[in-house]
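Trainee: what's the 3D shape of this:
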Amino acid sequence: MKYLIPFLLALLSMSCQKKEVLTPPNVILIITDDQGYGDLGIHNNPNINTPTVDAFARQSIRFNNFHVSPVCAPTRSSLMTGRYSLRTGVRDTYNGGAIMASSEFTLAEMLKKVNYTTGIFGKWHLGDNYPSRPSDQGFDESLIHLAGGMGQVGDFTNYFKKETSYFDPVLWHNNKQKAYKGYCSDIFTENAIDFIEKNHEQPFFCYLSFNAPHTPLQVPDKYYQMYKDIDPSDGIDPKLLPIEDINEKSDEAARKVYAMVTNIDDNLKRLFQKVETLGIKDNTIIIFMTDNGPQQARYVAGMRGRKSSVHRGGIRVPFFMSYPSKFEGNREVDDMAAHIDLLPTLSLLCAAPTDQDRKVDGRSFVPALEGKALAERSFFSYWTRKFPEKYNNVAIQRGNYKLVGKKDFDAAVDDFELYNLEEDPFEENNLVAQNKEEAAFLRTEMDALIYELTASPNLVNSPRIAIGTPNENPVYLNRNDAGGERAVWTQEQVFSYWKVDLEKGLYNLKFKFLKPLKTGGEMFLELGQSILKKHNPLAETDLLQWKGVSLPQGQFDFIPFYRKQRRSNYFPLWVEIERVD
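Mentor: Model (predicted):
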């Protein structure tokens, strides 16, 4: 007995240690929308109050050189897949270009393969219809708004609320419309906390994807009052501000953004406290990041550009990561990392294999977490509407050098901008004349990547919305996913369509328009070589209904429009398609 008890205790200790090693970490990924690098106190902004995120950052591993795409949907597709967005079919934030191909293997699907429970709360922006919704891409629970922003034209359940769309919204919980009370960021956080509490005894992945501080800039008055009298440039070196763009309008936008960020900060305090209370902090990976630079002109730590720009102000964002049981916190990583690296990194940390039948552009940054240097590699950025425009707002970075193109498709090397980011982090000194050899080398690599990415199968054959399947009925087609003319938004007279994969069947159709239609016109629906037309004898109305319509099977451009006179075609705000046979 004298020797048996220590032996049993040793076995028990080994068993506990083994269990700790084998227990996969929980993952909480927090991302905010249009919050720039400078919208945090820890990044030397004296005018914003973010004590929770600042404290979290100080306890975490801080990546000082973390990059994303210049705009939101591309960032989110890369985050989910580890691939450049063009490979996934995502090429825009609307115009039908923010639908991710259903064949993509997402972070949620990867973690589900090793028995994680998965949930998303907030902004998805990668497809609002089957087969591209969160529930189709690996999420067990989803609470989201439609389109790219709450109250935007594509988010038709909140669009007509205008100045109050962030309050008491109609959201989509597990693909069903549901009315909620309160402010959107509070709602998403509360539901994320409930999800964590319900699932904390098993590995979980919680994707808390705030739509704030994206426009429209709406915030509870309690938070606005904190900032209503501040000067957002007070106490900041003028050299670190885009002075030429600063005015009272941008100052007022900054006040509202800061108020929205402080609300998020308070919400994260509640979430972090719940993680502490549940006793799961040590074995939980928590990440805080943002999706691109700021939309409006304000402090961005002196970097050039903001949202939509391939300069650092548009693509360099905060990234803080905590995993206490495995990595020591309160330290910095200066090596370049990016959104495409998250999936391969979590694959390694969570022992969740990636799908080997596709190219992953990212690489694991676990070596950096372990204090080792990351190998030099190239990182590609671009942003233009519809599809990439050769040499316009495009960049490639390798090591300290970054090549930027903002010219015509036939631009010579001399027309590019070349920066040494180590010596010139603000991208002020164009070195192309002094170092044409480096610029030519990087342009050759840029050319190859543009050619490869624009030939991606998911870009050549755009993702389609499935209609007539039991997975979604009725189907709502919204303006965010409508293609056609560039920048289809709230226009009434515009040519547009939805790319659909239609099952043969009998359907009821509803066409909702922005404003009442004039009587005496005709409603058209074009499906390939098939055209349906119906005269409208009703009084002025913004909703036309067709019942018992037989539609064919096939892949079509679904083109509805109302015509009163020649050259006066009106495109619907949304279409409801319900299969009834």
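Trainee: C-alpha from now on. contacts and neighbour counts both.
Mentor: Will do.
Trainee: show me what contacts Gly36?
Mentor: Thr290, Asn292, Gly293, Pro294, Val300, Arg306, Gly313, Val317, Pro318 (C-alpha atoms under 8 Å, 6 or more residues apart in numbering).
Trainee: per-residue confidence at the residue nearest to the fourth one when sequence neighbours are not counted?
Mentor: Ranked by C-alpha to C-alpha, 6 or more residues apart in numbering and with sequence neighbours excluded, the top spatial neighbour of Pro294 is Gly36, at 4.5 Å. As predicted, Gly36 sits at a pLDDT of 97.
Trainee: and Gly36, how far from Tyr94?
Mentor: Here Gly36 is placed at a distance of 21 Å from Tyr94 (C-alpha to C-alpha, to the nearest Å).
Trainee: how about Leu517?
Mentor: 25 Å.
Trainee: first-to-last residue distance for stretch 113-127?
Mentor: 22 Å.
Trainee: just use 3 as the starting number from now, easier for me
Mentor: OK, 3 is where the count begins now, so the last one is stretch 115-129.
Trainee: list the buried residues of it.
Mentor: By neighbour count on 16 or more other C-alpha atoms under 10 Å, the buried set for stretch 115-129 is Tyr118, Thr119, Thr120, Gly121, Ile122, Phe123, Gly124, Lys125, Trp126, His127, Leu128, Gly129.
Trainee: so which of those residues sit within strands?
Mentor: Thr119, Thr120, Gly121, Ile122, Phe123, Gly124, Lys125 (DSSP state E).
Trainee: return the set of residues that bridge with the first one.
Mentor: Which is Thr119. Phe206 (DSSP bridges).
Trainee: residues contacting it?
Mentor: Leu113, Phe141, Asp142, Asn201, Gln204, Pro205, Phe206, Phe207.
Trainee: what's the farthest-apart pair in the residues you listed?
Mentor: Phe141 and Gln204 (15.5 Å; C-alpha to C-alpha).
Trainee: phi first, then psi, for Asp449.
Mentor: phi -60, psi -40 (degrees, to the nearest 10).
Trainee: repeat that for the one 4 residues further on.
Mentor: According to degrees, to the nearest 10, the main-chain angles of Tyr453 amount to phi -60, psi -50.
Trainee: count of residues packed around it?
Mentor: 11 (other C-alpha atoms under 10 Å).
Trainee: ditto for Val462
Mentor: 12.
Trainee: relative to Ala450, how far out is the residue nearest to it when sequence neighbours are not counted?
Mentor: Nearest non-adjacent residue to Val462, counting by C-alpha to C-alpha, 6+ apart: Thr456, 7.7 Å away. Here Thr456 is placed at a distance of 10 Å from Ala450 (C-alpha to C-alpha).
Trainee: neighbour-wise, which of those two wins?
Mentor: Thr456 (17 against 11).
Trainee: just confirm the more buried one contacts Leu88, I think it does.
Mentor: Yes - the criterion here is C-alpha atoms under 8 Å, and Thr456 meets it with Leu88 at 6.8 Å.
Trainee: for the helix or strand harbouring Ile198, packing partners?
Mentor: Element membership of Ile198, judged by DSSP states H and E, is helix 186-201. Here helix 186-201 touches strand 119-125, strand 206-211, helix 250-279, going by 3 or more C-alpha pairs under 8 Å, 6 or more residues apart in numbering; DSSP states H and E.
Trainee: relative to strand 206-211, how tilted is the next helix-or-strand element following the longest one?
Mentor: Secondary structure here is assigned by DSSP H and E; on that basis, the next helix or strand after helix 250-279 toward the C-terminus is strand 286-292. For strand 286-292 and strand 206-211, the angle between their directions (axes from the mean of the first three to the mean of the last three C-alpha atoms, to 10 degrees) works out to 10 degrees.
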